[in-house]
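Student: Any chance you could fold what I've pasted below:
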Amino acid sequence: MGCGSSQVAAGANGGISDFPTIKSTHSLVAKHVNKEKWDKLHEHSTATSGFTLAKAIACAVEFDNQHCGIYAGDWDSYKDFADVFDPIIQEYHGISADAKHTSDMDFSKITGNVNPDAPVHSTRIRVGRSIDGFGLSPGITQEQRLGVEKLFSSACKKFPEELAGEYYPLTGMDEKVRQQLVDDHFLFVSGDRNLTVAGMERDWPEGRGIFHNKEKTFLVWVNEEDQLRIISMQKGGDVLGVFKRLAQGIKAVGDSVKEESGKDFCLDEKYGYIHSCPTNLGTGMRASVHIDLPGWTSHGVDKLKARCEELSLQPRGTRGESGGQTGFTYDISNKHRLGYSEVQLVQTMIDGVNKLYEEDLAFQKKYFEFPEIKSTHSLVAKHVTKERYEKLARHTTATSGFTLYKAIACAVEFDNQHCGIYAGDWDSYKDFADVFDPIIQEYHGISADAKHTSDMDFSKITGNVNPDAPVHSTRIRVGRSIDGFGLSPGITKEQRVGVEKLFSSACKKFPEDLAGEYYPLTGMDEKVRQQLVDDHFLFVSGDRNLTVAGMERDWPEGRGIFHNKEKTFLVWVNEEDQLRIISMEKGGDVLGVFKRLAKGIGAVGDSVKAECGKDFCLDEKYGYVHSCPTNLGTGMRASVHIDLPGWTAEGVDKLKARCEELALQPRGTRGESGGQTGHTYDISNKHRLGYSEVQLVQTMIDGVNKLYEEDLALQKKQAETPAAE
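Tutor: The predicted structure is shown next:
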C-alpha cells in the first residue's frame, strides 16, 4: 500500500481530517505527533512539492515496526512541520534545540589511517545531497525528478579525469549494461515496501540512474532515497584515500550543478545537509569498512555491538542493516550523522576500527589457541584434541554464530564436568561433528551408523505401575527445539524473543484439557511469581553451568512458563531448551501421564507449525535436537517419586547397581544434585538416544514394578532378621 492508500490520501491536498491510527506505537512519530499538532498542521501542503504531514508519517501509520517513521518531501517540510520534525530530530540525534551543524570535508585534518595489517576487505563512504528548489524523493514531482536527472547527466560530463565516467539511466537500460551493474553490485531496484509507502517509488524507473567512473571507485545514485547519493569506495582499508576522493567528488558534483543551474545543495544552518530521512541529516555520511573480526565473533556478537556503541560505531552484517551477520566479516561504520563534522566521523571510524582490530587479536589468542580443559576426566578432554580444536576453532555456525570455544566453555571453566559440551544450534552438531560424534557415541553407547526412531504411540504400552506401589507422583518431560532458531547456549536475543512470541501465540490454540495461560518471566506480577514458586513450577537464574554455557544471557527476557488449568501440563520456554514440555500428576498412573504428554507434544507442534510453518528439529541420526547432547534422541525423562524403604536399608549403592541393571537411574527427590533424603527416590529411565519413547516408558514401568516387588521382599527379610546386639 503506497501513499495513495485510503488512510493517507483522503481529503484535500493529500491530507486526512481525522487523526490517524499510528501502528508503530513505539516510534518517534507516535511519541511526537499528537492530535493537537495534527489538527494544527494536517491541512498544510508545502510550496515546493505539495507535501503534507499525512504523507510524511505514512510509514508509521502503515507499518508496526518503525523506529523513526517519518520522511520529508522537500526542504520546506522541515520548516513547515517543525513542530513535529524538531523534537523527533533532537531525540534521535541527541542534540539540543539550539544546536548548529558544521560541515568539514578537509581530508588533510585526518590523522593516521586504518592499520594496514587489519583484514579489511573494502572501504566505502557515502553521503546524500539535495539540490535546492527540487523536492526530496518522497515528495518530488515527476517534472522535478526529471529535472534533477537532466541536471546531473549534464553536470557529470564536466567531472575531472579521475572522476570521469558514464551515466546509465534506468529507463530503457540495455540488458548487458543492467547485468554488469548487477554483477558490480551497483544497481538499485524497486520493491522496498518502506520506500513505496513513503512515496519514493512513484513513476518508477523514470528519472533514475547510476553514474560511475572508469575505475568504479566513484558512484552517484540519482533519485533513489535521496536526489543524489554520492559514493567513494575501493578494495582494502585506505580510508583516508577514499575520503579524499569523496571530498573531491562532492565538490565536482556541486560545482558542475552550480555551473549548470545556479543552484546549491540544500544546507541548513541547524540540520546540515538536507535528506529525505531525518536520521541522515547533518553529514548524511556513512563511512564503513568490511573487516574480519573472528576474535570478536567468538567473544560474542552482542558484546561486539556493545563495544561498538562505546566507540560511536555501528556494526552490521555484510549484507547491510537487515541482512544479518554471516561468518565473521562485519560492516563497521560511524554511528552518528548530525552534530559532528565529516572529518570527526571519519576520524572516529578510523580510530575505532583500529581499536577493534587490536582487541580482536587478543580475543583470537584467547579463543583460537588450544585451551586448558580443567575437567580432565570429561568426554571433552578425551575427544577435543589440539588437532581437532585448531581445525574447527575459527568456524562460526550460520544460525547463531556459535563456536567450538563456546561449546566447551564448561569443560574449560570447571573441573567437575562429565560430558562438558553444549550445542548452540542444530548446525553445531553438523559443523563440529568431529567433536560431537565421538562424545555422543561414547556417552549413549551407540554405533557410528546408528539411526534414531521416535514413537509416541501410547497404545503400545502394556500394563502400568502397580497401583499398590507407594508412588507419590509421576512426571514425564521432553525437550523440543523449533527449526531455524538457535538453542539456548547460542540463541540470539531476537531468536529467543521470537520463540517466546511463537509459543505464546501457539498456546492459545491448545485443546480444552491442555488450555491454560502463559506467564512471561519479564514483568511478572509478584502474586503470580509466588504461586509458581509454591507450585514448584518456577525456574530461576543463577546456575553456574548454565551461565558459563551462555544460557542465562539477557535474563529474564524471552522466557516464561505455561501451565493448564489442572496444572498437569507445563511448558518451560527458553530455559535449558527452547521448549521443555512436561506432563505430571499425583500418583502412579504413568500410562495416563504419557498419554497426556503425547497429546501435548502434538498440540504444541501443530500450533507452532500453523503459526510459522516450522517443524521441531528432528535429526535422522540423533533424534530430537537439544542443547545438551546427553538429552539427544527422545530427550525424555520419565520418572516417579516412590518410597523404597527396603532398598534404603539394603544400601543405596546396591540400589544404584540394581537400577543400572534395569536401565534406570535413581536420584534423591531434590533432583540429580540434591542428594537422597529418607527413603523416597526419583526413579527414571537412564537412556535417551537409541530407544523410542514407548520403549523408555515401558522400561520405566517394568523396572519400577520390579524394584517395588524386590523392596517388599527386602522389607520382609529385614523384619525377620534380628538387629545386632
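Student: and the residue lying closest to T297 once chain neighbours are set aside, how many neighbours does it have?
Tutor: Closest residue to T297 apart from its sequence neighbours, by C-beta to C-beta, 6 or more residues apart in numbering: F328 at 4.0 Å. Any C-beta I mention is one placed from the backbone N, CA and C, and that applies to glycine too. Each residue near F328 was counted by other C-beta atoms under 10 Å, and the total is 23.
Student: For the remainder of this discussion, apply numbering that starts at 47.
Tutor: Got it, first residue is 47 now, which makes that one F374.
Student: so E355, which of the three states?
Tutor: At E355 the chain is in helix, as set by DSSP: H, G, I helix; E, B strand; the rest coil.
Student: Test my guess that it contacts K381.
Tutor: Yes - the pair E355 / K381 is scored as a contact, 7.5 Å apart, by C-beta atoms under 8 Å.
Student: Between the two, point out the one with more neighbours.
Tutor: A direct count of neighbours by other C-beta under 10 Å for E355 and K381 places K381 higher, at 17 against 12.
Student: need the contact list for the nearest residue to the more buried one once chain neighbours are set aside.
Tutor: The shortest distance from K381 to any non-neighbouring residue, by C-beta to C-beta, 6+ apart, is to Q360 (4.5 Å). Applying C-beta atoms under 8 Å, 6 or more residues apart in numbering, we find Q360 in contact with 354, 378-381.
Student: low-confidence ranges in the stretch 597-746 of the chain?
Tutor: Filtered on pLDDT under 70, the stretch 597-746 of the chain yields the residue ranges 716-723.
Student: again with the chain
Tutor: Using pLDDT under 70, the chain drops low at 47-62, 364-372, 716-723, 769-771.
Student: okay, which residue is most central for it?
Tutor: E540 (3.4 Å; C-alpha atoms, centre = their mean).
Student: For it, what is the enclosing helix or strand?
Tutor: Using DSSP states H and E, E540 maps to helix 539-552.
Student: Could you check that helix and say which residues are buried?
Tutor: Going by neighbour count (16 or more other C-beta atoms under 10 Å), the buried part of helix 539-552 is 541-546, 548-550, 552.
Student: what does that helix contact?
Tutor: Outside helix 539-552, the residues that touch it by C-beta under 8 Å, 6+ apart are 348, 446, 528, 531-532, 537, 564, 566, 599-600, 603-606, 608, 617, 619-620, 624-625, 650, 653-654, 656-658.
Student: rewinding a little: from the buried residues of helix 539-552, which is closest to N591?
Tutor: Checking those against N591 with C-beta to C-beta, the nearest one is R542 at 18.6 Å.
Student: A656 versus the closest one, what's the distance?
Tutor: 21 Å (C-beta to C-beta, to the nearest Å).
Student: With V285 instead?
Tutor: Taking C-beta to C-beta as the criterion, V285 is separated from A656 by 50 Å.
Student: what about the two, which has more around it?
Tutor: For V285 and A656, the more surrounded residue by other C-beta under 10 Å is V285, and the numbers stand at 25 against 11.
Student: Can you verify my assumption that D110 contacts K69?
Tutor: Yes - with contact defined as C-beta under 8 Å, D110 counts as touching K69 (4.3 Å).
Student: More neighbours: which of those two?
Tutor: A count of neighbours by other C-beta under 10 Å puts K69 above the other of D110 and K69, at 17 against 11.
Student: Need phi/psi at the more buried one.
Tutor: When read as degrees, to the nearest 10, the backbone of K69 gives phi -70, psi -30.
Student: now it: how far from G115?
Tutor: 9 Å.
Student: which residues do these two both contact?
Tutor: 106, 109.
Student: so what's L286 up against?
Tutor: Residues near L286 by C-beta under 8 Å, 6+ apart: 153, 156, 159, 396.
Student: if we go to 7 Å?
Tutor: 153, 156, 159 (C-beta atoms under 7 Å, 6 or more residues apart in numbering).
Student: Would you agree N731 is in contact with L742?
Tutor: Yes - assessed by C-beta atoms under 7 Å, N731 is found in contact with L742 at 4.3 Å.
Student: Overlap of the contact sets of those two?
Tutor: Common neighbours of N731 and L742 (C-beta under 7 Å, 6+ apart) are 682, 684.
Student: And the contacts of stretch 101-112?
Tutor: 47, 49, 53-54, 60, 66-70, 73, 75-76, 79, 115-119, 123, 127, 184-185, 240, 243-245.
Student: Can you select the buried ones from those residues in ChimeraX?
Tutor: Here is the ChimeraX command that picks out the buried ones among the contacts of stretch 101-112, judged by 16+ other C-beta under 10 Å:
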select :49,53,54,60,66,68,69,70,73,75,76,79,115,116,117,118,119,123,127,184,185,240,243,244,245
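Student: Which ones among the contacts of stretch 101-112 map onto strands?
Tutor: Counting by DSSP state E, the contacts of stretch 101-112 place none of their members in strands.
Student: what about Y727, helix or strand, and which?
Tutor: Element membership of Y727, judged by DSSP H and E, is strand 726-731.
Student: so what secondary structure elements neighbour that strand?
Tutor: The helices and strands touching strand 726-731, judged by 3 or more C-beta pairs under 7 Å, 6 or more residues apart in numbering; DSSP states H and E, are strand 683-689, strand 710-714, helix 739-766.
Student: Name every sheet partner of it and say whether each one runs parallel or antiparallel.
Tutor: Sheet pairing of strand 726-731 (DSSP bridges) gives strand 683-689 (antiparallel), strand 710-714 (antiparallel).
Student: Which of the contacts of L286 fall in helices?
Tutor: Per DSSP state H, helices hold no members of the contacts of L286.
Student: I'd like those as a markdown table, with distance to K316 and neighbour count appended.
Tutor: Shown next, in a markdown table, are the contacts of L286 (distance: C-beta to C-beta, whole Å; neighbours: other C-beta atoms under 10 Å):
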| residue | distance to K316 | neighbour count |
| --- | --- | --- |
| F153 | 25 | 18 |
| I156 | 26 | 17 |
| N159 | 32 | 16 |
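Student: between these, which is nearest H231?
Tutor: Once C-beta to C-beta is applied, the member of the contacts of L286 that ends up nearest H231 is N159, at 24.6 Å.
Student: measure that closest one to L708 for me?
Tutor: For N159, the distance to L708 - C-beta to C-beta - is 71 Å.
Student: which secondary structure elements does the helix or strand where Q136 lies contact?
Tutor: Applying DSSP H and E as the criterion places Q136 in helix 128-139. Here helix 128-139 touches helix 74-78, helix 81-87, going by 3+ C-beta pairs under 7 Å, 6+ apart.
Student: again, 6 Å this time
Tutor: Judged by 3 or more C-beta pairs under 6 Å, 6 or more residues apart in numbering; DSSP states H and E, helix 128-139 is in contact with helix 74-78.
Student: Contacts for the helix it packs on next, please.
Tutor: Contacts with helix 74-78, where a contact means C-beta atoms under 6 Å, 6 or more residues apart in numbering, come from 68, 103, 106, 114-116, 130, 133-134.
Student: one more time with 10 Å
Tutor: Contact partners of helix 74-78, identified using C-beta atoms under 10 Å, 6 or more residues apart in numbering, comprise 68-71, 102-107, 112-116, 129-138, 324-325.
Student: Extract the C-alpha trace of that helix and format it as PDB.
Tutor: C-alpha atoms of helix 74-78 as PDB (Å, rounded to 0.1, in the frame of the first residue of the first chain):
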ATOM      1  CA  LEU A  74       9.200   8.600  17.500                       C
ATOM      2  CA  VAL A  75       6.200   9.600  15.300                       C
ATOM      3  CA  ALA A  76       3.800   8.000  17.900                       C
ATOM      4  CA  LYS A  77       5.600   9.900  20.600                       C
ATOM      5  CA  HIS A  78       5.700  13.400  19.000                       C
END
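Student: mind listing the helices for the stretch 197-346 of the chain?
Tutor: Using DSSP state H, counting those that start in this stretch, the helices assigned to the stretch 197-346 of the chain run over residues 221-229, 239-243, 285-307, 340-345.
Student: Quick one: the ones you listed as JSON lines, columns for distance to R575 too.
Tutor: Formatted as JSON lines, the helices of the stretch 197-346 of the chain follow (distance: least, C-beta to C-beta, whole Å):
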{"stretch": "helix 221-229", "distance to R575": "56"}
{"stretch": "helix 239-243", "distance to R575": "40"}
{"stretch": "helix 285-307", "distance to R575": "52"}
{"stretch": "helix 340-345", "distance to R575": "34"}
